[in-house]
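S.K.: Here is my input, please return the structure:
(one chain, ligands or ions: 1)
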Amino acid sequence: MTRLITALDFADPAEIRAFAARLDPALTRVKVGNEAFTTAGPALVDDLQASGFDVFLDLKYHDIPNTVANAVARAASLGVWMTNVHAGGGRRMLEAARDAVERVPNGRMAADDGGDRGGMFLIGVTVLTSLERTDLGEVGLDVEPAEQVARLATLVRDTGLDGVVCSPRELPIVRALAPASFLTVTPGIRPRADASNATGEEVKSSGTQADVALGEETPASAPSAPADDQRRTLTPREAILAGADHLVVGRPVTRAADPLAALHALVDEIDAAVFERRHTNAVPRDEAE
Ligand code: C5P
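M.R.: As a prediction, the model looks like this:
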């Protein structure tokens, strides 16, 4: 099954539906975020699922345990493939969310089947990549973001969720503290221009994603596709070799002149990297790939 998740970051639900019609569910899952869901709601999720797509409902729930448990149960009832909660909501909130998923028929979590079982995956958001040390300090957390990521990923692991969303630079931290079955979902992906970004047009920053800066300068080995507002990116190959399970890709697909061709190129690169990872033991993985 595909490891690619296309972020459907369009303001207009009609645009989302029209764009999804140009994609192939065999090549990509789709991510529906707060903006789209607030506008178009469960009907959009239903439509995407009826078209054959697995949906990652990226709503980042964070509230008292009972409220989050009920919301997560509703997400599971919608039949989505994956949803997420803020790990900062604490142990009792995470456990309540996990228990709620397990109570919904077909919503049960089972992290050991490679992602293709019927139930919903529940993953945790650690530290938003928009937050720097000074931001954490301002809300009373006197820690480096990386230290906080490790702490929250450990909590997510210990409370029995399926994995975390993390930036590429956090992959080594997470992989070091969790078993191979613990899922990592990684945004900040940019293919090399010669590999898959034959967009035929300049990819412009939407300027709407203040939350996506992934940290330091783009490294010298950076991919050649436009980074947009992503400040540190990895290629699909680099992310897979660093231990990513699922890659979230937005503009390299949504702004491509030929989105289907962009998907094919991304999937080819991911498949080759998974093969390479398996045969070079780049990271300790024992999942059924
Ligand atoms: O267009 P692009 O590939 O940068 O889109 C990445 C997607 O992943 C967007 O939906 C963005 O909001 C999301 N995301 C991110 N960085 C994070 C968390 C989420 O880019 N740290």
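S.K.: all contacts plus neighbour counts: C-alpha atoms, from now on.
M.R.: Will do.
S.K.: so after the worst-scoring helix or strand of the chain on mean pLDDT, what's the next helix or strand?
M.R.: The weakest-scoring helix or strand in the chain, judged by mean pLDDT, DSSP states H and E, is helix 193-196 (a mean of 52). Going down the chain from helix 193-196, the next helix or strand is helix 236-241, by DSSP states H and E.
S.K.: Would you tell me what the next helix or strand after that following helix is?
M.R.: Following helix 236-241 toward the C-terminus (DSSP H and E): strand 246-249.
S.K.: who's in contact with the next helix or strand after that following strand?
M.R.: Next helix or strand after strand 246-249 toward the C-terminus (DSSP H and E): helix 251-254. With contact meaning C-alpha atoms under 8 Å, 6 or more residues apart in numbering, helix 251-254 is reached by 6, 8, 9, 19, 190, 191, 197, 203, 225, 259, 262, 263.
S.K.: Just checking helix 251-254 against the ligand, any contact.
M.R.: Yes - for helix 251-254, a contact with the ligand is found by C-alpha under 6 Å from any ligand atom, at residue 251.
S.K.: Please determine whether the next helix or strand after that helix lies in contact with the ligand.
M.R.: Downstream of helix 251-254, the first helix or strand assigned by DSSP H and E is helix 259-280. No - judged by C-alpha under 6 Å from any ligand atom, helix 259-280 and the ligand are separated, with a smallest distance of 12.3 Å.
S.K.: Distance from helix 259-280 to the middle of the chain?
M.R.: 17 Å (C-alpha atoms, centre = their mean, to the nearest Å).
S.K.: what do you get for stretch 225-242?
M.R.: Using C-alpha atoms, centre = their mean, the offset of stretch 225-242 from its chain centre is 13 Å.
S.K.: Stretch 60-78 too?
M.R.: 18 Å.
S.K.: if we can go back for a sec, of all the contacts of helix 251-254, which comes closest to the ligand?
M.R.: Distance to the ligand across the contacts of helix 251-254 (C-alpha to the nearest ligand atom) is lowest for residue 9, with 5.9 Å.
S.K.: Name the nearest residue to that closest one, sequence neighbours excluded.
M.R.: Excluding the flanking residues, the one nearest residue 9 by C-alpha to C-alpha, 6 or more residues apart in numbering is residue 250, at 7.0 Å.
S.K.: Roughly how far does that neighbour sit from residue 192?
M.R.: Residue 250 sits 15 Å away from residue 192, going by C-alpha to C-alpha, to the nearest Å.
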